[in-house]
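>>> when you get a sec, could you give me coordinates for this:
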Amino acid sequence: MKAKYIEADYTQTLQFDLEDLDIDWKDVKDYWVKWATLHIELKNGEVIETDNYRECDTDWKRPDITSVLDENFNLIEENEDEFIDFDKMNNSQKLTFLMERNGYIEDGIGLDDTGNEFRDDNGQALFIDKQENADESI
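Next up is the predicted model:
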C-alpha cells in the first residue's frame, strides 16, 4: 500500500455529572450523546436532555494518534503519541532521547541541531547530569 495521507487525531472530552442532574444510575434505561447533548432515557419513559457544549481549547502540541492512510483511507500505520516527561527519565533515557533527535549537550542542557533547548510536555528543559554520565561518551 502506498501512503497518501497522514492524519493527526486530537481528543476533546465533555463530562456530564449525574449527581448534578439528580439522576440515579439504577433508574437509567439508555443514554446517548449527540452534538454535545446528553440524552438519558429513564426506566419510567422520561427522557432528560442536557447540553454541555463549550468551545474547547485544544492542545495542538501532540496528537493522541497519528495515522498513515492510503488513497482509499485504509490504515497503513498508526502511532499513539506518548507524553514526554524528562523528570521520569533517567540519564541514559535522556541521552537516548537526545541522540535519536541529533541533539547535543551544552552546559548540561540538551539542545536540538538548531541550538534550541529540548522541552518536555510540561515545559521542562532536558537537563543532563554530567557526573552520572562521566563514563559515557556524549
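>>> so where do the helices sit in this structure?
91-100 (DSSP state H).
>>> pLDDT below threshold where in this protein?
Under the criterion pLDDT under 70, the flagged ranges of the chain are 81-82, 130-138.
>>> what's the domain layout of it?
Per automatic domain parsing, the domain ranges recorded for the chain read 17-51, 83-138.
>>> tell me where the protein has strands.
5-9, 28-34, 37-42, 47-51, 65-69, 75-80, 104-106, 109-111 (DSSP state E).
>>> quick check, central residue of the protein?
By C-alpha atoms, centre = their mean, the chain has its centre lying nearest to Asp64, at 4.2 Å.
>>> if we can go back for a sec, using TSV, lay out the domains of the chain together with distance to Met1 and mean neighbour count.
To be clear about C-beta, it is placed using only N, CA and C from the backbone, and glycine gets the same treatment. Listed next are those as TSV, based on distance: least, C-beta to C-beta, whole Å; neighbours: other C-beta atoms under 10 Å:
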stretch	distance to Met1	mean neighbour count
domain 17-51	34	11
domain 83-138	27	13
